[in-house]
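In: quick one, fold the following:
(one chain, ligands or ions: 1)
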Amino acid sequence: MLRPLTEADLSVLTGDDDGFDYFGPRPSRQSVPPSDLNEQGAFGVLDGGGEVVGDVSWVWQRWGPNVQSRNPMIGIWLSPRARGQGLGTAAQREMVDLFFRHTAVNRVEAHTDVENLAEQRALEKAGFTREGTTRGAQWRDGSYRDGHLYSILRSDWHSSSD
Ligand SMILES: CC(C)(COP(=O)(O)OP(=O)(O)OC[C@H]1O[C@@H](n2cnc3c(N)ncnc32)[C@H](O)[C@@H]1OP(=O)(O)O)[C@@H](O)C(=O)NCCC(=O)NCCS
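Out: All right, here's what the predicted structure looks like:
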């Protein structure tokens, strides 16, 4: 389950992580991210008890000069205690569902390190297709890293939700 974040949730989301989502020390989040799907934003990910245990966020990318060629790229972080229980798969699937129901976009993307097997598996379970390798695309912890680009198209979503 996802919901818009509130100020009370921010403390959960400030923990640094030493894994694939760690891009160096960062200041605490000072403000609640927006939940407007058409802008950059984030939602809180809830566990079975309704507690926020992470967030799923998105930025808009462009493959051409026109707005029709825009698409969101999603990212996710869960608190270590909330991992490995299916929440990451469910949250990313729900995010895809929100974009296809409430925007006219044709494509939702995600990107992850070639070594991030948990995220690759979660994305595939959520209906994403791996499209290729982004060589040396991501700077993290002292070196450039290869990643995998994933997408799900509106037509994939229709067939998976039939
Ligand atoms: C990546 C992340 C979002 C996945 O969410 P999650 O709730 O832990 O994932 P799920 O439980 O839905 O599914 C994980 C799948 O990966 C598998 N998996 C986990 N670790 C794995 C590993 N080291 N090798 C292979 N598969 C692995 C699990 O077995 C599961 O697959 P299964 O259901 O077929 O058994 C979460 O672990 C996380 O927040 N990690 C840290 C931050 C991060 O890496 N974010 C993504 C940055 S791009």
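
In: any idea how far Gln30 is from Ile152?
Out: 32 Å (C-beta to C-beta, to the nearest Å). Quick note: C-beta positions are derived from backbone N, CA and C, even for glycine.

In: and these two? Which one has more around it.
Out: Between Ile152 and Gln30, Ile152 has the larger neighbour count (other C-beta atoms under 10 Å), namely 23 against 7.

In: can I get the one helix or strand the more buried one maps to as PDB, trimmed to CA atoms?
Out: Applying DSSP states H and E as the criterion places Ile152 in strand 143-153. C-alpha atoms of strand 143-153 as PDB (Å, rounded to 0.1, in the frame of the first residue of the first chain):
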ATOM      1  CA  SER A 143      33.300   4.500  -9.300                       C
ATOM      2  CA  TYR A 144      31.000   4.400 -12.300                       C
ATOM      3  CA  ARG A 145      28.600   1.500 -12.200                       C
ATOM      4  CA  ASP A 146      26.700  -0.400 -15.000                       C
ATOM      5  CA  GLY A 147      23.000  -0.700 -14.600                       C
ATOM      6  CA  HIS A 148      20.000  -2.400 -16.100                       C
ATOM      7  CA  LEU A 149      17.200  -0.300 -17.600                       C
ATOM      8  CA  TYR A 150      13.700  -1.700 -17.200                       C
ATOM      9  CA  SER A 151      10.300  -0.600 -18.500                       C
ATOM     10  CA  ILE A 152       6.700  -1.500 -18.500                       C
ATOM     11  CA  LEU A 153       4.400  -0.300 -21.300                       C
END
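
In: next one: it to chain centre, how far?
Out: Here strand 143-153 is found 12 Å from its chain centre; the criterion is C-alpha atoms, centre = their mean, to the nearest Å.

In: same deal with stretch 71-82?
Out: How far stretch 71-82 lies from its chain's middle: 4 Å, per C-alpha atoms, centre = their mean.

In: output it as PDB, restricted to C-alpha atoms.
Out: The C-alpha trace of stretch 71-82 is given here as PDB (Å, rounded to 0.1, in the frame of the first residue of the first chain):
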ATOM      1  CA  ASN A  71       7.900   9.000 -18.900                       C
ATOM      2  CA  PRO A  72       8.400   8.600 -15.200                       C
ATOM      3  CA  MET A  73      11.300   6.700 -13.800                       C
ATOM      4  CA  ILE A  74      10.600   5.100 -10.400                       C
ATOM      5  CA  GLY A  75      13.000   4.400  -7.600                       C
ATOM      6  CA  ILE A  76      12.400   2.700  -4.200                       C
ATOM      7  CA  TRP A  77      14.000   2.300  -0.800                       C
ATOM      8  CA  LEU A  78      12.700   0.200   2.000                       C
ATOM      9  CA  SER A  79      14.000   0.100   5.600                       C
ATOM     10  CA  PRO A  80      16.200  -3.100   6.000                       C
ATOM     11  CA  ARG A  81      13.600  -4.700   8.400                       C
ATOM     12  CA  ALA A  82      10.900  -4.400   5.700                       C
END
